[in-house]
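Trainee: sequence and predicted structure are below.
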Protein chains: 2
Amino acid sequence: MQKRQDAQEQTAMFLERCGIQVTDREKQAIEVVDFGLPDYPSSGLQLLTYINTPRYCAKELVLFPRQTCPEHLHPPFNNTPGKQETFRCRWGEVYLFVDDEELTLNTAQGEPVCQPPTGFEQWYTCQRYILLRAGEQYTIKPNTRHWFQAGQRGAVVSEFSSESRDDLDIFTDPSIKRVG
Amino acid sequence: MQKRQDAQEQTAMFLERCGIQVTDREKQAIEVVDFGLPDYPSSGLQLLTYINTPRYCAKELVLFPRQTCPEHLHPPFNNTPGKQETFRCRWGEVYLFVDDEELTLNTAQGEPVCQPPTGFEQWYTCQRYILLRAGEQYTIKPNTRHWFQAGQRGAVVSEFSSESRDDLDIFTDPSIKRVG
């Protein structure tokens, strides 16, 4: 529990740092997600959901320095094509890896710009990425594999999307269960 | 045209003040809306659309001090109930008037907390409001009349919603056409 409270407080500090005001009630509702993996905070994500309805959803995502959200996709459900999401970086930098051939390969003169968390490399298959800095955004198509990692200072990212159904997320690592 | 550029620059300053980063291209895409009324900026609104798809929409709304967005509603279309929107105040204060009987009446000891723009009073019928400060939010049901006015310092408001179709908006003042 202490781990969760510390992470919530650190998350609130990241939000405050970039001018995002939240209520005390919201601070306590910040989700600290370890994906059931043993290496949190290396793998992990913190988030605050503002609104989630069948028609739309909005959240703030907070990543600590070099923290990684594991690779997953949002499958079709209820006669929809699956969750579509727009990531808008508000603060810091985020490397967003997506199965999209129009993106850049994960190498700069032979050196990858990001490494998956140690010991979990096999569960990261997307090799193409876009780097988002504050004020930049990218829309991830439904049913498309993606993962993301913060830069050295961490990142705050607004997520605008269709309905969020975390229970349906499919992770490349079959040991991950996002919910429950 | 000068009026539009000045308003865009002022809007960019409001966004910057509350820590919202935008690209140069976005600055030039800021919409300055006078609703075809003669009293801009008393009646008016400035906004930046991040994303608008059939599945969801996200914008920043900027209101100058005491500026008012005229009363309107978002009607059903294409077998949807009409645009539903969540207003989240990021900076300043916004008085949001909505046809919702659970809200407070527009009086404090007999004095209204807001007045519609002078000369246009007849086109403002909602008498109940909620005051949103930074970090507070409210969701407006589809097909429901609403208008809003900033406090003394102005306001920055994030809008999360279903698809935005400004051309369909119905204003109480029949002379207003939102889209040319």
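Mentor: It's in. Numbers count the residues shown, from 1 in each chain, chains lettered A, B, ... in the order given.
Trainee: now do residue A:24 against residue B:27, distance only.
Mentor: 34 Å (Cβ to Cβ, to the nearest Å). The C-beta positions use only the backbone N, C-alpha and C, and glycine is treated the same way.
Trainee: who has more neighbours, the two?
Mentor: residue B:27 (15 against 9; other Cβ atoms under 10 Å in any protein chain shown).
Trainee: so after the helix or strand residue A:58 falls within, what's the next helix or strand?
Mentor: Taking DSSP states H and E as the definition, residue A:58 sits inside strand A:57-63. Counting by DSSP H and E, the next helix or strand C-terminal to strand A:57-63 is strand A:68-73.
Trainee: which neighbours does the helix or strand just after that following strand have in its sheet, and in what orientation?
Mentor: Note on strand A:68-73: by DSSP H and E, the next helix or strand toward the C-terminus is strand A:85-98. Strand A:85-98 pairs in its sheet with strand A:128-133 (antiparallel), strand A:137-140 (antiparallel), strand A:146-161 (antiparallel), by DSSP bridges.
Trainee: list the buried residues of the host helix or strand of residue A:11.
Mentor: Using DSSP H and E, residue A:11 falls within helix A:2-17. Neighbour counts over helix A:2-17 (16 or more other Cβ atoms under 10 Å in any protein chain shown) mark A:7, A:8, A:10, A:11, A:12, A:14, A:15 as buried.
Trainee: between those, which is nearest chain B?
Mentor: Chain B lies nearest to residue A:15 out of the buried residues of helix A:2-17, by Cβ to the nearest Cβ, at 9.7 Å.
Trainee: surely that closest one meets residue A:154?
Mentor: No - the pair residue A:15 / residue A:154 is not scored as a contact, 11.3 Å apart, by Cβ atoms under 8 Å.
Trainee: which bits of chain A sit near chain B?
Mentor: Residues of chain A lying close to chain B (Cβ under 8 Å from any Cβ of the partner chain) are A:18-23, A:26, A:50-51, A:53, A:55-58, A:84, A:86, A:88, A:90-91, A:134-137, A:139, A:158, A:160-162.
Trainee: so how far is chain B from the closest residue to residue A:165 other than its chain neighbours?
Mentor: Closest residue to residue A:165 apart from its sequence neighbours, by Cβ to Cβ, 6 or more residues apart in numbering or on different chains: residue A:77 at 6.3 Å. Per Cβ to the nearest Cβ, to the nearest Å, residue A:77 is found 13 Å from chain B.
Trainee: look up how far residue B:33 lies from residue A:77.
Mentor: Remark: distance between residue A:77 and residue B:33 (Cβ to Cβ) = 37 Å.
Trainee: repeat that for residue A:167.
Mentor: Separation of residue A:167 from residue B:33 (Cβ to Cβ): 40 Å.
Trainee: what about those two, which has more around it?
Mentor: Higher neighbour count among residue A:167 and residue B:33: residue B:33, with 19 against 10, using other Cβ under 10 Å.
Trainee: re earlier: weed out the non-buried ones from the residues of chain A next to chain B.
Mentor: Buried among those (16+ other Cβ under 10 Å): A:18-22, A:26, A:50-51, A:53, A:55-58, A:84, A:86, A:88, A:90-91, A:134-137, A:158, A:160-162.
Trainee: my guess is residue A:166 meets residue A:178, correct?
Mentor: Yes - counting by Cβ under 8 Å, residue A:166 touches residue A:178, with 4.9 Å between them.
Trainee: do you know the pLDDT at the closest residue to residue A:176 other than its chain neighbours?
Mentor: If the residues on either side of it in the chain are set aside, residue A:176 comes closest to residue A:35, at 4.8 Å by Cβ to Cβ, 6+ apart. You'll see residue A:35 listed with a pLDDT of 96.
Trainee: what do you get for residue A:177?
Mentor: 79.
Trainee: just read off the phi/psi values of it.
Mentor: Dihedral angles of residue A:177 (phi, psi; degrees, to the nearest 10) stand at phi -120, psi 120.
Trainee: can you pull the contacts of it?
Mentor: Taking Cβ atoms under 8 Å, 6 or more residues apart in numbering or on different chains, we find residue A:177 in contact with A:35, A:36.
Trainee: where's it relative to residue A:77, distance?
Mentor: 17 Å.
Trainee: for residue A:28, which non-adjacent residue is closest in space?
Mentor: residue A:8 (7.2 Å).
Trainee: check contacts around that neighbour.
Mentor: A:27, A:28, A:30, A:32, A:46.
Trainee: which PyMOL command selects the buried ones in those?
Mentor: Buried subset of the contacts of residue A:8, written as a PyMOL selection, criterion 16+ other Cβ under 10 Å:
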select buried, chain A and resi 27+30+32+46
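Trainee: look at residue A:54 and give its secondary structure.
Mentor: coil (DSSP: H, G, I helix; E, B strand; the rest coil).
Trainee: for it, give me phi and psi.
Mentor: Dihedral angles (degrees, to the nearest 10) for residue A:54: phi -60, psi -20.
Trainee: what's the local residue count around the nearest residue to it once chain neighbours are set aside?
Mentor: Closest residue to residue A:54 apart from its sequence neighbours, by Cβ to Cβ, 6+ apart: residue A:163 at 5.1 Å. For residue A:163, the number of neighbouring residues by other Cβ under 10 Å comes to 19.
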